[in-house]
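S.K.: Return atomic coordinates for the entry below.
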Amino acid sequence: MKAVIWTSALAFAAMAGVYFTFSGFVMRSLATLPAAQGIAAMQSINKVILSSGFMPLFWGTTLAALVLAIWGITQWGTPGATLLVTGGLLYGLGMFGITAAFNVPLNEALDAVGPTTAGAAKLWEDYLVVWTRWNHARTVASLGASDLLLAAVRAMGIT
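M.R.: The predicted structure is shown next:
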């Protein structure tokens, strides 16, 4: 289990880095483009990401979060167990839950619009604000979950 905890802590941090990149400058860069170009670029990103190395990391970390939370529950009362449960739940809800409930539906709505159709510019303007806000939350949840796993490592005396 030691390897799963360490690997998950690093992978959760990597996911935080991906989300931070989007919040920090990718979305801001896309916002500087004319709306039709920004929409087309984000639609391309949304397609490419599905067949990229991001997806195994996304699904693998989600599964790891579930495994760690369940394992923490089975180890309840031992050092680090509550940190594992909390970290797993924070990641599961804060990364996966937000993605499924907010970012994916926003992506689907954006993908359904033609970049130059009526209303596309307004949709893009709203998308930039709302999608990025939820992405900030995914960033914080992923980093927080990583920190909780590292705290569990310390509490468990794992090196």
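S.K.: Report the secondary structure state of Thr78.
M.R.: Under DSSP: H, G, I helix; E, B strand; the rest coil, Thr78 falls in the coil class.
S.K.: For burial, what's the neighbour tally of the closest residue in space to it that isn't next to it in sequence?
M.R.: Distance criterion Cβ to Cβ, 6 or more residues apart in numbering; nearest residue to Thr78, sequence neighbours excluded, is Met156 at 7.8 Å. C-beta: built from backbone N, CA, C; applies to glycine. When neighbours are counted by other Cβ atoms under 10 Å, Met156 registers 18.
S.K.: Likewise for Thr116?
M.R.: When neighbours are defined as other Cβ under 10 Å, Thr116 has 12 of them.
S.K.: same check, this time on the one 10 residues further on
M.R.: Asp126 is surrounded by 13 other residues when neighbours are defined as other Cβ under 10 Å.
S.K.: Next up, phi/psi of Trp76, please.
M.R.: Dihedral pair for Trp76: phi -50, psi 140, per degrees, to the nearest 10.
S.K.: Over to Gly77?
M.R.: According to degrees, to the nearest 10, Gly77 has phi 90, psi -10.
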